[in-house]
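Novice: build me a structure from this.
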Amino acid sequence: MSFLNARPLIWGLENDPSLSLRLEVPARLLAALSAGQVQVALLPVIDYQRLDDLAIVPSGGIGCNGPTLTVRIFSPVPIEQITSLACDTDSHTSVALARIVLARRYGIRPPFTELCEDIEPQTARLLIGDKVVCQEPAGLPHQLDLGAAWKELTGLPFVFAAWVARGEVDLGDLPDRLSAARREGLGHVAEILDRFAVPCGWPVELARKYLTEYLQYQIESRQLDAIALFHQFAAEEGLIARPPRPLRLAGAARMCV
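Specialist: Residues are numbered from 1 along each chain as shown. Modelled structure (predicted):
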């Protein structure tokens with residue numbers, strides 16, 4: 001991913017001569033994985049259900065255990081009164097999460113449209129990524145952080161993206177190297193802020209809290225439970241096939257429910 005939130009996971013990988021690092025917005029990663037252009041991708045977790053024979057590489061992911069700061073609905077009216085939502089489609093997971101939260105918490109299923117440049121100023125919209133902080137829209141006083149809404153709905157953390165590979169691909173020691181990159185990245189947050197946050201307009205202290213307090217980067221049992229429940233809800237809302245495929249871990253014989 002090309003967003004700031006991915007930087008702790010890919011720290012130093014661009015300097016590894018044995019790896020080729022490709023930066024994309026999340027929504028484009030499934031096609032690259034499907035075409036065999038990449039061996040492993042930091043894939044939006046909803047897309048795990050959209051291609052057969054995928055496996056989660058539990059070396060890291062992007063998640064939260066409450067507010068996420070950069071996945072938010074902005075609205076001119078209270079959230080329960082939204083009649084349509086213009087969506088930033090850079091992340092398939094965030095769009096699916098918005099549908100689930102609006103349906104299950106607010107009892108509404110408004111039509112979703114794609115966010116465009118000529119959008120009416122008073123249209124409710126879903127924004128994700130760095131632009132939520134650096135280009136926050138004015139005149140939309142009602143906001144909903146989807147990470148916080150998921151936590152209130154389920155009591156679980158949420159995972160927006162995780163390292164994923166095709167099941168038949170031999171990754172060798174790549175999972176260990178990705179884990180090492182995550183540990184190194186979280187140990188070099190100050191350098192990440194200087195290189196990638198400040199030039200984009202992030203306030204330094206807010207960016208630090210974002211990477212070290214708002215976000216979580218591990219993939220453990222509770223994160224896997226959250227992904228599975230998200231897939232279940234997505235299937236019930238007709239966003240993916242029913243029933244969803246069980247989660248499979250790369251290099252593991254067992255399936256995770």
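
Novice: in the stretch 151-257 of the chain, what spans have low per-residue confidence?
Specialist: 251-257 (pLDDT under 70).

Novice: and residue 165, which of the three is it?
Specialist: strand (DSSP: H, G, I helix; E, B strand; the rest coil).

Novice: number of residues surrounding it?
Specialist: Using other C-beta atoms under 10 Å, residue 165 has 23 neighbouring residues. Glycine gets a C-beta too; all of them are placed from N, C-alpha and C.

Novice: quick one: the strand ranked longest in the chain to chain centroid distance?
Specialist: Criterion DSSP state E: the longest strand present in the chain is strand 54-64. Distance, stretch centre to chain centre, for strand 54-64: 10 Å (C-alpha atoms, centre = their mean, to the nearest Å).

Novice: mind exporting that strand as CSV, just the C-alpha atoms?
Specialist: Presented in CSV, the C-alpha positions along strand 54-64 are these (Å, rounded to 0.1, in the frame of the first residue of the first chain):
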residue,chain,number,x,y,z
LEU,A,54,-5.5,-17.3,-1.0
ALA,A,55,-3.7,-17.6,2.4
ILE,A,56,-3.1,-15.0,5.1
VAL,A,57,0.6,-14.5,5.9
PRO,A,58,0.4,-13.6,9.7
SER,A,59,3.5,-11.4,9.5
GLY,A,60,1.5,-8.3,9.9
GLY,A,61,-1.5,-6.2,8.9
ILE,A,62,-3.2,-2.9,9.4
GLY,A,63,-5.9,-2.7,12.0
CYS,A,64,-7.2,-0.9,15.0
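
Novice: closest to the centroid, which residue in the chain?
Specialist: Of all residues in the chain, the one closest to the mean position by C-alpha atoms, centre = their mean is residue 160, 2.7 Å from it.

Novice: give me phi/psi at it?
Specialist: Residue 160 has phi and psi values of phi -90, psi -40 when expressed as degrees, to the nearest 10.

Novice: let me see the contact set for it.
Specialist: 26, 44-45, 61-64, 68, 71, 91, 93-94 (C-beta atoms under 8 Å, 6 or more residues apart in numbering).

Novice: possible to save those as CSV with neighbour count and pLDDT?
Specialist: What follows is these, written out as CSV (neighbours: other C-beta atoms under 10 Å; pLDDT from 0 to 100):
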residue, neighbour count, pLDDT
26, 27, 81
44, 28, 93
45, 29, 96
61, 28, 97
62, 28, 97
63, 25, 97
64, 24, 98
68, 28, 94
71, 29, 95
91, 28, 79
93, 27, 93
94, 29, 93
